[in-house]
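S.K.: After the sequence you'll find the predicted model.
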Amino acid sequence: MQTAQPRQTSGATRRSFHIGVLYALWGVIAGALGVPAFVYLFFPPKAQKQNEWVEAGDLGKLVSEQPVEMVFRRNREDGWKIISEKSTAWVVRKDGDGILAFGPQCTHLGCAYHWDEAKNEFVCPCHNSIFDVEGRVLSGPAPRPLDRYDVKVEGGKVLLGRLRRPPEPAL
Ligand code: FES
């Protein structure tokens with residue numbers, strides 16, 4: 001009679017130990033799956049981050065009032081990916097020190113426009129919008145001036161920042 005009791009206690013202890021191990025394993029699995037899911041749901045990566053300034057070309061290439069199409073690459077963070085995108089800008093050196101840089105797309109429906117040297121104006125071939133050397137609409141269906149990049153010059157290089165829509169002209 002006295003030998004049966006220790007066996008019951010030993011069996012109960014072993015069972016408790018196994019149940020504890022199972023709970024611990026479930027805890028580890030739940031943590032391994034739950035923590036990344038929690039981070040993914042509640043701390044999403046910034047949707048898109050762009051390098052603020054990119055080098056577009058040499059200032060020395062620019063002749064006053066003669067637009068030049070400059071090609072450059074810009075790195076963009078999209079989630080966890082870094083995407084390198086090729087882009088262009090029409091860059092104009094104004095008399096004096098000013099530099100203007102226009103986005104490459106027409107403000108009507110986004111076609112690529114070009115500089116017509118003979119006429120001294122930007123021409124969009126899609127629906128014949130015409131812009132002057134400062135990006136203002138001269139004629140055509142384009143509803144607003146060309147978009148402009150922020151521009152600065154450092155060490156003889158033209159640096160481009162954000163592309164901005166110019167303010168609407170007052171009516
Ligand atoms: S897209 Fe340029 S005029 Fe229509």
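M.R.: Received, thanks. Numbers count the residues shown, from 1 in each chain.
S.K.: now the helices for this protein?
M.R.: 4-42 (DSSP state H).
S.K.: how about the residues of it near the ligand?
M.R.: 106, 108-109, 111, 124, 126-127, 129, 140-142 (Cβ under 6 Å from any ligand atom). (Each C-beta comes from the backbone N, C-alpha and C, glycine too.)
S.K.: So among the residues you listed, where is pLDDT lowest?
M.R.: Here the lowest pLDDT out of those sits on Gly140, with 90.
S.K.: Check the gap between it and Val153 for me.
M.R.: 32 Å (Cβ to Cβ, to the nearest Å).
S.K.: Just want to know which of those two has more residues nearby.
M.R.: Higher neighbour count among Gly140 and Val153: Gly140, with 17 against 13, using other Cβ atoms under 10 Å.
S.K.: For that one, which residues are in contact?
M.R.: By Cβ atoms under 8 Å, 6 or more residues apart in numbering, the contact set of Gly140 is 108, 124, 127-130.
S.K.: how about those residues in a markdown table, adding neighbour count and distance to Val63?
M.R.: Listed next are the contacts of Gly140 as a markdown table, based on neighbours: other Cβ atoms under 10 Å; distance: Cβ to Cβ, whole Å:
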| residue | neighbour count | distance to Val63 |
| --- | --- | --- |
| His108 | 18 | 28 |
| Cys124 | 23 | 23 |
| His127 | 12 | 30 |
| Asn128 | 12 | 27 |
| Ser129 | 23 | 25 |
| Ile130 | 17 | 22 |
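S.K.: quick check, nearest of those to Arg14?
M.R.: His108 (80.0 Å; Cβ to Cβ).
S.K.: Return the backbone torsion pair for that closest one.
M.R.: Backbone torsions of His108, given as degrees, to the nearest 10, read phi -80, psi -80.
S.K.: for the one 3 residues further on, same thing?
M.R.: Here the main-chain torsion angles of Cys111 (degrees, to the nearest 10) amount to phi -70, psi 160.
S.K.: got a list of what it touches?
M.R.: Contacts of Cys111 by Cβ under 8 Å, 6+ apart are 105, 124-127.
S.K.: Now with 6 Å, please.
M.R.: 124, 126 (Cβ atoms under 6 Å, 6 or more residues apart in numbering).
S.K.: From the ligand, how far off is the residue lying closest to Ile99 once chain neighbours are set aside?
M.R.: Spatially, and ignoring its direct neighbours in sequence, Ile99 is nearest to Val151 (4.7 Å; Cβ to Cβ, 6 or more residues apart in numbering). As for Val151, its distance to the ligand is 23 Å (criterion: Cβ to the nearest ligand atom, to the nearest Å).
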